[in-house]
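Chemist: What follows is a protein structure lacking sequence information:
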């Protein structure tokens, strides 16, 4: 049994399968996710599990070379979360929310949180540790 880091079995397994340039989406509870994308659903009730906690846990586990967010996120609380982690998120790409959703079918897996903050969604692109 792991004593630190991500201990959620499904999530740890999916992380272990990631390679360079694979993408992962961390989503609020309302983002429509494609049915074919593997889903790690951490949403229990509104607000639990929070987006920022999941994002931080993932950033502790994977190398990120870039991220994609909706431009609408920049105007709210979610934008602050991304700015606070800019040094760990790599190159930023911003798209309108509809264009962001069009990229979802290409992610390796999705993590749904219980977050109810508008536009608290990010696609992380994996890098390499060298």
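Modeler: Perfect, I can see it now. Keep in mind that what you see is a predicted model, and the values were worked out from it rather than measured.

Chemist: Give me the residue at the spatial middle of this structure.
Modeler: Nearest to the mean C-alpha position of the chain, by C-alpha atoms, centre = their mean, lies residue 26 at 2.3 Å.

Chemist: does that one sit in a helix or strand, and which one?
Modeler: strand 23-27 (DSSP states H and E).

Chemist: Can you name the next helix or strand after that strand?
Modeler: Following strand 23-27 in sequence, per DSSP H and E, is strand 39-41.

Chemist: Please compute how far that next one lies from its chain's middle.
Modeler: Relative to its chain's centre, strand 39-41 lies at 11 Å (C-alpha atoms, centre = their mean, to the nearest Å).

Chemist: Likewise for stretch 81-99?
Modeler: For stretch 81-99, the distance to the chain centre is 10 Å (C-alpha atoms, centre = their mean).

Chemist: hmm, back to that, which secondary structure elements does the strand holding residue 26 contact?
Modeler: Strand 23-27 is packed against helix 51-61, strand 109-112, strand 122-126, with contacts defined by 3 or more C-beta pairs under 8 Å, 6 or more residues apart in numbering; DSSP states H and E. Bear in mind the C-beta positions are built from the backbone N, C-alpha and C, glycine included.

Chemist: any chance of those in a markdown table, with mean pLDDT too?
Modeler: Shown next, in a markdown table, are those (pLDDT from 0 to 100):
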| stretch | mean pLDDT |
| --- | --- |
| helix 51-61 | 98 |
| strand 109-112 | 98 |
| strand 122-126 | 98 |
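
Chemist: which one of the ones you listed lies closest to residue 103?
Modeler: Ranking the helices and strands packed on strand 23-27 by proximity to residue 103 (C-beta to C-beta) places strand 122-126 first, at 6.1 Å.

Chemist: which one of the helices and strands packed on strand 23-27 lies closest to residue 69?
Modeler: strand 122-126 (5.4 Å).

Chemist: Give me the residues contacting the closest one.
Modeler: 18-26, 55, 58, 62-69, 82, 89-90, 100, 103-104, 107 (C-beta atoms under 8 Å, 6 or more residues apart in numbering).
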